[in-house]
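Trainee: My questions are about this predicted structure, shown below with the sequence.
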Amino acid sequence: LEGLRAQHAIKMALTWMRKDGASALLMATDDDAKDKLDLPLVPASAKKLVRLLPIERSALSPLGGALVADPVSSRFGLPESWNVLMPSANGFVNRPVHGSRLIVFRGLPIARTDTTRLHDHWGGDPVLQTASESIRRYRTQWAYIESTFKRFSVLIAKITGLGNLIAQNDEAVAMRRMRLIAYAMSTLNMVPIDTEEEVKELATTLTGISEVLIRAQDDVSGATGLPLSKLFGHSPAGFSEDDVPGLRNYNEKIASIQTSVVRDVLTEIVEVMTAAKLGPTKGQPLQNYQIDFRPLQEETAGEVVARE
């Protein structure tokens, strides 16, 4: 698996699936079909699994209308064949690829009642769509807070005869007087005024801004599934600084992806690898094996005792 850079390929496919709603891994083999990717993959006739190629959703499209009808198949409901945009000597071209050579990653399910997206049934909605909307709201709120700080104090100037100047369409005199006030404030930190004039600063209240920002950060954390300690470097209000519950929930989410998605993908790759004639087992499929993942966090002393 290390020689195939399987970890990198699966990571890329998962990333694109979460961003676009679907992706795929193309299992490139040295087999009797040679370069005929439109033929079914027969692992026993393959010499070896050569590469794992991540494919973006934009490079995938069903070829024809035939779907896999076998409910036992892991590809049930997916197209029998695909058009895959791939590089060639003349640039990028669509090549027909049999579905057995692709491991398809699907995003959030699309409702079957959504008839406007029947052409899109094989994929799904982007997992990160909700997160993207939450981050957009967070940036909007930050922009509002930034503009509030820029207007932290407003200069109020009572200018003698300002109303008459405006009524007489003599805005130039009024603007010149206001520019003099602004210039004096910025350069001299003082304002020379007439006896009947008045200048004062009106401060903008900042009450509640921190609360709005905290709630926005909570929203981003919930939408992305990432704990606040990883996103913003602080724990939720009322929790310890190390944010043990948040990190535990995050690790459990990753473990769920490993067991529900990654394990099935690795199993399919291992089966093709071991069935190949020049594979690591010389064509002898593995029996009674199990794919386990490294622990995501160290066990506490109490957890070790309980497990033993």
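Mentor: Structure's in. What do you need?

Trainee: Buried residues, the one helix or strand N83 maps to. List them.
Mentor: When elements are assigned from DSSP states H and E, N83 belongs to strand 81-88. Neighbour-count burial for strand 81-88, counted by 16 or more other Cβ atoms under 10 Å, picks out S81, W82, N83, V84. Bear in mind the C-beta positions are built from the backbone N, C-alpha and C, glycine included.

Trainee: tell me the contacts of the last one?
Mentor: For V84, the contacting residues are A24, L26, L37, I55, A59, L60, N94, R95, P96, V97, L102, taking Cβ atoms under 8 Å, 6 or more residues apart in numbering as the criterion.

Trainee: and it, what are its bridge partners?
Mentor: L60, R95 (DSSP bridges).

Trainee: could you check the distance from R263 over to F149?
Mentor: 49 Å (Cβ to Cβ, to the nearest Å).

Trainee: again, but for P62
Mentor: Noted for P62: a distance of 52 Å to F149, by Cβ to Cβ.

Trainee: ok, now E196?
Mentor: From E196 across to F149, the span is 33 Å (Cβ to Cβ).

Trainee: in this structure, which segments are predicted with low confidence?
Mentor: For the chain, the stretches with pLDDT under 70 are 32-35, 111-121, 150-154, 203-204, 206, 238-242, 298-308.

Trainee: list the contacts for the most centrally placed residue in it?
Mentor: With the centre of the chain defined as its mean C-alpha position, the nearest residue by Cα atoms, centre = their mean is L128, 4.5 Å away. L128 is in contact with R18, K19, T224, counting by Cβ under 8 Å, 6+ apart.

Trainee: can we see that at 7 Å?
Mentor: Neighbouring residues of L128 by Cβ atoms under 7 Å, 6 or more residues apart in numbering: R18, K19.

Trainee: How about G124?
Mentor: G124 neighbours (Cβ under 7 Å, 6+ apart): G21, A22, R106, G107, L108, P109, I110.

Trainee: Buried subset of these, written for ChimeraX?
Mentor: To isolate the buried ones among these in ChimeraX, judged by 16+ other Cβ under 10 Å, type:
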select :21,22,106,107,110
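
Trainee: Can you give me the buried ones in stretch 161-169?
Mentor: G161, L165.

Trainee: contacting residues around that stretch?
Mentor: Residues external to stretch 161-169 that are found in contact with it (Cβ under 7 Å, 6+ apart): V173, A174.

Trainee: need the buried residues of strand 81-88 in JSON lines with distance to Q297, can you?
Mentor: Output for the buried residues of strand 81-88, formatted as JSON lines (distance: Cβ to Cβ, whole Å):
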{"residue": "S81", "distance to Q297": "43"}
{"residue": "W82", "distance to Q297": "39"}
{"residue": "N83", "distance to Q297": "43"}
{"residue": "V84", "distance to Q297": "39"}
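
Trainee: so who does the nearest residue to D31 once chain neighbours are set aside touch?
Mentor: Among residues not flanking D31 along the chain, A46 sits closest, at 3.8 Å (Cβ to Cβ, 6 or more residues apart in numbering). Listed by Cβ under 7 Å, 6+ apart, the contact partners of A46 are T29, D30, D31, A276.
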